[in-house]
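Novice: Need coordinates for the below:
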Amino acid sequence: MKKLLGILALVLVFTLVACSGEKANQSTENSDSDDTEKASNTEDMKIGLAVNTLNNPFFVDLQDGAEATAEEQGIELVVTDSQGDPGKQMSDVENLLQQGVDLLILNPVDSDAAGQAALLANDQGVPVITVDRQASEGDIVTHVGFNALKSGGIAAAYLEEALGGEGKVVEIQGILGTNVGQDRSSGFNDHMENVEGIEIIASQSANFDRGEALSVMEDILQANKEIDAVYAANDEMVMGALSAIESAGRLDEIVIIGTDAIDPAIEAIREGRLNATIAEPPFFLGREAVNAAIKTLNDEVVDDQITLENTLVTEDNVDEVKTR
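Specialist: Have a look, this model is predicted:
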């Protein structure tokens, strides 16, 4: 009888072990299935990027950064070019939403108009991230950008030192309907107001456009025989201003600084034609916007503001600053 009970006990033990092993195998299979599903989530993402214009190297670089990151992550990225037209950007956003994008990255033409586009996406339950320029309205997951106030202040401090605290300065402003245009100007002027020896003799918008800046600078050069320095709120405008200054034969008498560190400005610094710029590399803006989009769609925590570091670029460090 004892022998029979022993045999039955062994049978029961083997049965329990077999069941336990089967459950363990099932658990492992389920775990593998979950991991596969999580890995494919990124591949299923469809993100829309509404760029304010691709007729500007800065925003082409922003697009490049976004596309490179999307390709690395296996994400479908749909890019539109609003061509500097707020109305077209609204149409672009409508089209992206109709295409079923999971998230909208918005690079505004105009902050107020972009607010309406953000609200439209909000109404359809599509999360919105803004990049470089902010929207005035809407529920925005995060804004990816640089500290434009800081950039303006860096430019002012550089010119103060370069001029020894005295001189006549021209400011070429960007689009004042954008937070970037407003903040770069405010940061510059806030600093200069405390420098008694520097006079801002002209302050005019060229809408972040090279051609407009060329024309604006030509008029300012004709009206002012003495100009010691020029600050342009982006490098497209600084390249236009530089062309006007070179054509007037006044390059040697004027200190010139831009903002963004796009390739033509970097090359002009290397050539000794441009004194400085402030690195706000747009490639990194595109990259970080897509990274933030991935985190958002994976329900990860994203900061309300993602602020990248800006850096003064001169001939001393032009070969060390990374722009992509």
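Novice: May I ask which helix or strand of this protein has the lowest mean pLDDT?
Specialist: helix 2-43 (a mean of 40; mean pLDDT, DSSP states H and E).
Novice: and the next element down the chain from it?
Specialist: strand 46-51 (DSSP states H and E).
Novice: What strands line up against that next one, and which way round?
Specialist: Its sheet considered, strand 46-51 pairs with strand 76-81 (parallel), strand 103-106 (parallel) by DSSP bridges.
Novice: for that strand, which positions count as buried?
Specialist: 47-51 (16 or more other CB atoms under 10 Å). In short, each C-beta sits where N, CA and C put it, glycine included.
Novice: Same list, those residues, but as CSV with distance to residue 58 and pLDDT please.
Specialist: Output for the buried residues of strand 46-51, formatted as CSV (distance: CB to CB, whole Å; pLDDT from 0 to 100):
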residue, distance to residue 58, pLDDT
47, 20, 98
48, 20, 98
49, 15, 98
50, 16, 98
51, 10, 98
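Novice: Check the residues you listed and tell me the two furthest apart.
Specialist: Farthest pair in the buried residues of strand 46-51 (CB to CB) is 47 and 51. Separation: 12.7 Å.
Novice: Now do the helices in the stretch 201-324 of the chain.
Specialist: 210-223, 235-247, 263-270, 282-297 (DSSP state H, counting those that start in this stretch).
Novice: The closest residue to residue 258 other than its chain neighbours - how many residues pack around it?
Specialist: Distances taken as CB to CB, 6 or more residues apart in numbering place residue 238 nearest to residue 258, at 2.9 Å, with adjacent residues excluded. Applying other CB atoms under 10 Å, we find 32 residues neighbouring residue 238.
Novice: And residue 238, what's its pLDDT?
Specialist: At residue 238, the model reports a pLDDT of 98.
Novice: Contacts only, for it.
Specialist: Going by CB atoms under 8 Å, 6 or more residues apart in numbering, residue 238 touches 172, 213, 230, 232, 256-259, 265, 274, 277.
Novice: element containing the spatially closest residue to residue 120 that is not a sequence neighbour, please.
Specialist: Nearest non-adjacent residue to residue 120, counting by CB to CB, 6+ apart: residue 93, 6.2 Å away. Under the criterion of DSSP H and E, residue 93 resides in helix 86-98.
Novice: Tell me which other helices or strands that helix touches.
Specialist: Here helix 86-98 is seen to pack against strand 46-51, strand 76-81, strand 103-106, helix 111-123 when contacts are counted using 3 or more CB pairs under 8 Å, 6 or more residues apart in numbering; DSSP states H and E.
Novice: try it again with 6 Å
Specialist: strand 46-51, helix 111-123 (3 or more CB pairs under 6 Å, 6 or more residues apart in numbering; DSSP states H and E).
Novice: CA atoms of that helix as PDB?
Specialist: Taking C-alpha atoms only, helix 86-98 is exported to PDB below (Å, rounded to 0.1, in the frame of the first residue of the first chain):
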ATOM      1  CA  PRO A  86      -1.000  81.200 -43.600                       C
ATOM      2  CA  GLY A  87      -4.100  80.300 -45.700                       C
ATOM      3  CA  LYS A  88      -2.200  77.500 -47.500                       C
ATOM      4  CA  GLN A  89      -0.900  76.200 -44.200                       C
ATOM      5  CA  MET A  90      -4.400  75.800 -42.900                       C
ATOM      6  CA  SER A  91      -5.300  73.900 -46.100                       C
ATOM      7  CA  ASP A  92      -2.100  71.800 -45.700                       C
ATOM      8  CA  VAL A  93      -3.200  70.900 -42.100                       C
ATOM      9  CA  GLU A  94      -6.700  70.000 -43.200                       C
ATOM     10  CA  ASN A  95      -5.200  67.700 -45.900                       C
ATOM     11  CA  LEU A  96      -2.800  66.100 -43.400                       C
ATOM     12  CA  LEU A  97      -5.700  65.400 -41.000                       C
ATOM     13  CA  GLN A  98      -7.800  63.900 -43.800                       C
END
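Novice: And the contacts of that helix?
Specialist: 48, 50, 80, 82, 109-110, 113, 117, 124 (CB atoms under 6 Å, 6 or more residues apart in numbering).
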